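# Fold the following, please.
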Amino acid sequence: MYAVGDVVYVISNKKRNVVPVQIVEQIVRRSLQGETVSFKASLPGRDRSKTIDLGEIDGTVHKTLGDARKFLYDQASVAINALLNTAGEVSKNHFGVDPDVKVSTEPVPQEQTADKNPAFDLDLDLHQQVPLAPPAPSNGEGNILDFTAVDASGKVEVQMPDGTFANIQMPEMQ
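Here you go, the predicted structure:
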């Protein structure tokens with residue numbers, strides 16, 4: 001429940017941003033079917049007389065910035081874990097390498113690391129937005145990266161588990 005005058009924070013599913021809105025009206029409807037409560041909110045930068053129904057916003061509503069931050073961190077953790085799990089599956093299935101076993105090799109020379117080599121260009125070109133919520137569990141098929149195309153310049157097109165495509169420019173290793 002919110003009080004009139006409260007500022008709440010909406011994480012928009014469409015634009016993937018956080019927008020503060022102020023509750024300007026609480027509407028209580030009583031009928032034979034029961035009681036419903038809805039809220040009208042004012043967006044920043046808009047005429048205060050124009051309001052939106054909080055229940056019709058395509059996003060999640062949080063009472064504090066801390067709650068919104070925790071929600072975003074949790075969503076990021078889910079996405080990161082999914083990426084790492086997929087990479088582990090690829091290393092096992094395609095290279096026969098257990099990702100949990102530490103490899104004892106020489107360290108990569110500094111000039112070949114991403115932060116020291118301007119030739120390393122990770123150019124992600126997503127054809128569609130990645131959803132905030134984690135993808136639905138699958139039957140085990142299609143949850144490994146699909147390397148759909150590679151050209152002579154080292155550019156790789158990768159299909160991610162959620163169906164998005166990423167173009168990655170691999171560095172030339174000497």
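
# where along the protein do the strands fall?
For the chain, the strands defined by DSSP state E occupy 7-12, 18-31, 34-42, 52-53, 59-62, 146-150, 155-159, 165-169.

# Comparing the ones you listed by mean pLDDT, which bottoms out?
Note on the strands of the chain: strand 146-150 shows the lowest mean pLDDT, a mean of 46.

# Can you give me the first-to-last residue distance of stretch 36-52?
17 Å (CA to CA, to the nearest Å).

# Buried residues, it. List them.
Using 16 or more other CB atoms under 10 Å as the test for burial, stretch 36-52 gives 39-43, 51-52. All C-beta spots, glycine's among them, are computed from the backbone N, C-alpha and C.

# can I see the domain layout of the protein?
7-63, 68-169 (automatic domain parsing).

# Pick the one among the buried residues of stretch 36-52 closest to Q22.
Proximity of the buried residues of stretch 36-52 to Q22 (CB to CB) peaks at S42, which lies at 4.9 Å.

# any idea of the pLDDT on Q33?
pLDDT recorded at Q33 is 94.

# how much space between it and M1?
Distance of Q33 to M1, computed by CB to CB, to the nearest Å: 20 Å.

# Dump the strands of the chain to TSV, plus distance to E89.
Putting the strands of the chain into TSV (distance: least, CB to CB, whole Å) gives the following:
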stretch	distance to E89
strand 7-12	30
strand 18-31	33
strand 34-42	43
strand 52-53	43
strand 59-62	30
strand 146-150	12
strand 155-159	14
strand 165-169	17
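
# Compare these and give me the one nearest I80.
The nearest among those, by CB to CB, is strand 165-169 at 15.3 Å.

# Tell me which residues of that closest one come out buried.
Buried residues in strand 165-169, counted by 16+ other CB under 10 Å: 165-166, 168.

# any idea which of the residues you listed is closest to P20?
Checking these one by one against P20 (CB to CB), the nearest turns out to be A166, at 32.3 Å.

# Nearest to S91 among the buried residues of strand 165-169?
In terms of CB to CB, no member of these lies closer to S91 than I168, at 16.5 Å.

# So the closest one is in contact with K155, correct?
Yes. At 7.1 Å, I168 counts as touching K155 under the criterion of CB atoms under 8 Å.

# Give the closest residue to T64 in space, chain neighbours not counted.
Y9 (7.2 Å; CB to CB, 6 or more residues apart in numbering).
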